[in-house]
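Provide a 3D model corresponding to the input given below.
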Amino acid sequence: MNSALLLVQILNGLQLGVLLFLIAAGLTLVFGVMDFINLAHGVQYMLGAYLAVMFYGLSGSFLVALVLALAGSLLFGLIVELLVFRRLYSRNHLDHVIATFGVILFLNSAVKLVWGAAPLSLPMPDLFSGSISLMGLPYPIWRIVIISVGLACAALLYILVSYSRTGMLVRAGATNSRMVSALGVNIRKLFTIVFGFGAMLAGFAGVMIAPILSVEPGMGDTILILAFVVIVIGGIGSIRGAFLAALLIGMVDTLGRSFSVDILRLVMGPSPARTVGPALASMLIYLLMAVVLYFRPTGLFPAKGRNEPIAAPPALVTSDAGQFATLILPGVIFVALAVLPMTGIAGNKAYVLDLVGRVMIFSIAALALDLLVGFGALISFGHAVFIGLGAYAVGILSSHGISDVLISLPAALILSALFAFATGFVCLRTKGVYFIMITLAFGQMAFFIASSLAPYGGDDGLTISARNTIAGFAPLKSDLVFYYLVFVSLLGAFLLCRALVQSRFGRVLRGAKENPVRLQAIGFEVYRFQLLTYVIAGALGGLSGFLLANATQFVSPAFMSWQRSGELIVMLILGGMGSLSGAILGTAAYLFAEEWLSTVTEHWKVIFGPLLVLVVVFAPGGLIGIATEIKRRLGRG
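Reported below is the predicted structural model:
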């Protein structure tokens, strides 16, 4: 029976692997040829599943539903590429992230609006609805169909890419797209073909998995992260690497989830094994990615001859905006925050203080991220992990009866800083997209560890009975006192970041962003400066988490999810990078818009998603850029 169970799980791993390849193949081509980070690839997988359900309901035929869903996925991919993404190819990776994040928000809410929030299902074709016996265990025929079709698609794709003229252009584009364009190839047309083909492959994967899994909003988010892991491990632009990495990830994930508890029972008791096993199984693929990138920073099988694209570094504020963004605007912001509680606030005063307090708390995390991204060009997609660590330091200590600020605050800062130091030591060996993904990997590891902490709430989170005390007293029970504690923390974080940026340290950090090789040649150890920046940003994220745990009196793994990291990047881009005050403005704009739109409609993300896209396309400098331009025009007038 054990042999039969192992065989079944190997087949399940193979099925997951080929499914991941169908998604990752199109994504790695988009990455390799366009150097474009398409976070919306997961919603294209979801859309394929929803279209199949809809067309099956109209036609009653699985084959008709499959064909029409593929056509719909292709059409959607082409429309989005033509209307939005084509405008962003020359932009930096952060603009790609924000625009595609906006598409995710829009589509996840749009499917709820059109098909409802309840899970849907797609019936299997009658011909493949049975099962066969594998050493006494039944195994669904449809899973074998998925494996067979996936392997056939992999072979067909290999032939297409390796031996056709279009494939030759795709491979050449993955190696050096500028040279291909200089030779007279219509590179825009090539981009459109690749993007549409990738969207169709993702939709095909969604159709194939729909008879097995529930079709529901957000189903593409998890599979998207797995697909990114596949292409980063395999090597950007490499179809062979994507295929082998997909099979490896499928096997590691499936076998780890199936047998981790049994293996751990050999070295520990049954109860600890049941606690540690699921968390370890969830982390395995991210741990594997971190190990691979540590020893091979460009993946196992990077495309031959590929020149790693260097995206334009995020722009700092211009000299015209310098005094306005660094002196005048911060003064206005902090004076307004300081006097807000003293004014006659219309409506519910407690509600306003809570909302503005949340803005200030997340502004601290956004400031830390601006230090990394805006001044160091270190694009982290796992920054929310520091918020979560700071919050859990408060929650875990509180659950053991320790609630004094003099203990919980240093614990939050030290825990976050130590995690930043340990992970930054590994992350900073990589660069570009690989740095983005390895920070995501460590964030996901921490997320799954937090989810497995059953004594501290696990997935459900941990409730904190009361806010922290100070030397036995409880002044933070007062919303007003807590508001000013958050205000002072934000002011201190802002002044610290500004002092760092304006110091010799900040000049070295900006120089490393522009030309690290030259800086290294004149004697500066760039790695040490970047690592210290990463640690400082981590500690500030821990401060944000400490305040958030006290504000909400609740701690959850969701505090450190990759979606929260994406929101922090959105806040930063929305305000304007490299200005510090832009981080505060962007956070306020994001949270105020979220609060207001959610009162208008429960499907507020249908409105908010396109707004993000419009901001990225037409206002790349964010709110700081808009305000600076208005000031410049008024001054000229």
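
Tell me, how many residues neighbour residue 577?
29 (other CB atoms under 10 Å). C-beta here means a position set from N, CA and C on the backbone, and glycine is covered the same way.

and the gap between it and residue 95?
Residue 577 sits 11 Å away from residue 95 when distances are taken as CB to CB, to the nearest Å.

What of residue 200?
In terms of CB to CB, residue 200 sits 25 Å off from residue 95.

what pLDDT, on average, does stretch 300-319 get?
Mean pLDDT, computed over stretch 300-319, is 52.

Ignore what I typed, I meant stretch 100-116.
Taken as a whole, stretch 100-116 has a mean pLDDT of 88.

Same check on stretch 63-76?
On average, stretch 63-76 scores 92.

Buried residues of it, list them for me.
Neighbour counts using 16 or more other CB atoms under 10 Å place 65-66, 68-70, 72-74, 76 of stretch 63-76 among the buried residues.

Throw those residues into TSV and include secondary structure and distance to residue 421, thanks.
Below are the buried residues of stretch 63-76 laid out as TSV (DSSP: H, G, I helix; E, B strand; the rest coil; distance: CB to CB, whole Å):
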residue	secondary structure	distance to residue 421
65	helix	52
66	helix	50
68	helix	53
69	helix	48
70	helix	48
72	helix	48
73	helix	44
74	helix	47
76	helix	44
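
Kindly reformat those residues as JSON lines containing distance to residue 621.
What follows is the buried residues of stretch 63-76, written out as JSON lines (distance: CB to CB, whole Å):
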{"residue": "65", "distance to residue 621": "45"}
{"residue": "66", "distance to residue 621": "45"}
{"residue": "68", "distance to residue 621": "42"}
{"residue": "69", "distance to residue 621": "40"}
{"residue": "70", "distance to residue 621": "39"}
{"residue": "72", "distance to residue 621": "36"}
{"residue": "73", "distance to residue 621": "34"}
{"residue": "74", "distance to residue 621": "34"}
{"residue": "76", "distance to residue 621": "30"}
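
What is the nearest of these to residue 128?
Comparing the buried residues of stretch 63-76 against residue 128 with CB to CB places residue 66 closest, at 12.4 Å.

Let me see the ranges of the strands in the stretch 301-450 of the chain.
Counting by DSSP state E, counting those that start in this stretch, the stretch 301-450 of the chain has no strands to list.

cool, the stretch 1-150 of the chain as well?
Going by DSSP E, counting those that start in this stretch, the stretch 1-150 of the chain shows strands at 131-134, 137-140.

Pick the most buried one from those strands.
strand 137-140 (a mean of 15; mean count of other CB atoms under 10 Å).

what about this structure, any weak spots by pLDDT?
1, 32-34, 170-178, 180-181, 183, 303-327, 344-347, 629, 631-637 (pLDDT under 70).

thinking again about what came up before, kindly reformat the strands of the stretch 1-150 of the chain as a markdown table containing distance to residue 620.
Formatted as a markdown table, those follow (distance: least, CB to CB, whole Å):
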| stretch | distance to residue 620 |
| --- | --- |
| strand 131-134 | 54 |
| strand 137-140 | 49 |
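
and residue 387, which of those is closest to it?
Using CB to CB, the strands of the stretch 1-150 of the chain put strand 137-140 closest to residue 387, at 41.6 Å.

Now do the closest one: everything it contacts.
The contact list for strand 137-140, computed with CB atoms under 8 Å, 6 or more residues apart in numbering, reads 1, 4-5, 7-8, 11, 130-133, 212.

Quick one: residues contacting the closest residue to residue 72 other than its chain neighbours.
Once flanking residues are discounted, residue 72 sits nearest to residue 51: 4.4 Å by CB to CB, 6 or more residues apart in numbering. Applying CB under 8 Å, 6+ apart, we find residue 51 in contact with 65, 68-69, 72-73, 203, 207.

just residue 266 next, same as before
No contacts exist for residue 266 under CB under 8 Å, 6+ apart.

Against residue 6, how distant is it?
From residue 266 over to residue 6 (counting by CB to CB), the distance is 16 Å.

Just the buried residues of the longest helix along the chain, please?
The longest helix of the chain (DSSP state H) is helix 2-34. By neighbour count on 16+ other CB under 10 Å, the buried set for helix 2-34 is 8-9, 11-34.

ok, how many other residues are close to residue 129?
Applying other CB under 10 Å, we find 12 residues neighbouring residue 129.

That one reaches residue 141, doesn't it?
Yes: in this structure residue 129 lies within contact range of residue 141 using CB atoms under 8 Å: 7.3 Å.

how distant is the helix or strand residue 505 falls within from the center of its chain?
For residue 505, the element it lies in under DSSP states H and E is helix 504-514. Put simply, helix 504-514 sits 26 Å off its chain's centre (CA atoms, centre = their mean, to the nearest Å).

what does stretch 513-520 give?
28 Å.

swap in stretch 139-157?
That offset, for stretch 139-157, works out to 29 Å (CA atoms, centre = their mean).

cool, stretch 493-506 as well?
27 Å.

And stretch 195-205, by the same measure?
So, by CA atoms, centre = their mean, the centroid of stretch 195-205 is 21 Å from its chain's centroid.

And it, what's buried?
195-205.

and the residues you listed as CSV, adding secondary structure and distance to residue 547?
What follows is the buried residues of stretch 195-205, written out as CSV (three-state DSSP; distance: CB to CB, whole Å):
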residue, secondary structure, distance to residue 547
195, helix, 42
196, helix, 46
197, helix, 47
198, helix, 41
199, helix, 41
200, helix, 46
201, helix, 44
202, helix, 39
203, helix, 43
204, helix, 46
205, helix, 41
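
quick one: which of the residues you listed is nearest to residue 484?
For the buried residues of stretch 195-205, the nearest to residue 484 is residue 202 (49.1 Å; CB to CB).

contacting residues for the closest one?
Neighbours of residue 202 in contact, by CB under 8 Å, 6+ apart: 22-23, 26-27, 41-42, 44-45, 48, 73.

Between those residues, which sits nearest residue 155?
residue 22 (12.7 Å).

so that closest one makes contact with residue 205?
Yes: using CB under 8 Å, residue 22 makes contact with residue 205 at a distance of 4.0 Å.

now stretch 538-553: how far from the chain's centre is it?
When C-alpha coordinates are averaged (CA atoms, centre = their mean), stretch 538-553 and its chain have centres 20 Å apart.

Using PDB, write out every CA atom in that stretch.
The C-alpha coordinates for stretch 538-553 follow below in PDB (Å, rounded to 0.1, in the frame of the first residue of the first chain):
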ATOM      1  CA  GLY A 538      13.600  45.800   8.600                       C
ATOM      2  CA  ALA A 539      13.800  47.400  12.000                       C
ATOM      3  CA  LEU A 540      11.500  50.300  10.900                       C
ATOM      4  CA  GLY A 541       9.100  47.700   9.500                       C
ATOM      5  CA  GLY A 542       9.200  46.000  12.900                       C
ATOM      6  CA  LEU A 543       8.300  49.400  14.500                       C
ATOM      7  CA  SER A 544       5.300  49.600  12.200                       C
ATOM      8  CA  GLY A 545       4.200  46.100  13.200                       C
ATOM      9  CA  PHE A 546       4.500  46.900  16.900                       C
ATOM     10  CA  LEU A 547       2.200  49.900  16.500                       C
ATOM     11  CA  LEU A 548      -0.200  47.900  14.200                       C
ATOM     12  CA  ALA A 549      -0.600  45.100  16.800                       C
ATOM     13  CA  ASN A 550      -1.400  47.700  19.500                       C
ATOM     14  CA  ALA A 551      -3.800  49.600  17.200                       C
ATOM     15  CA  THR A 552      -5.800  46.500  16.100                       C
ATOM     16  CA  GLN A 553      -5.200  44.400  19.200                       C
END
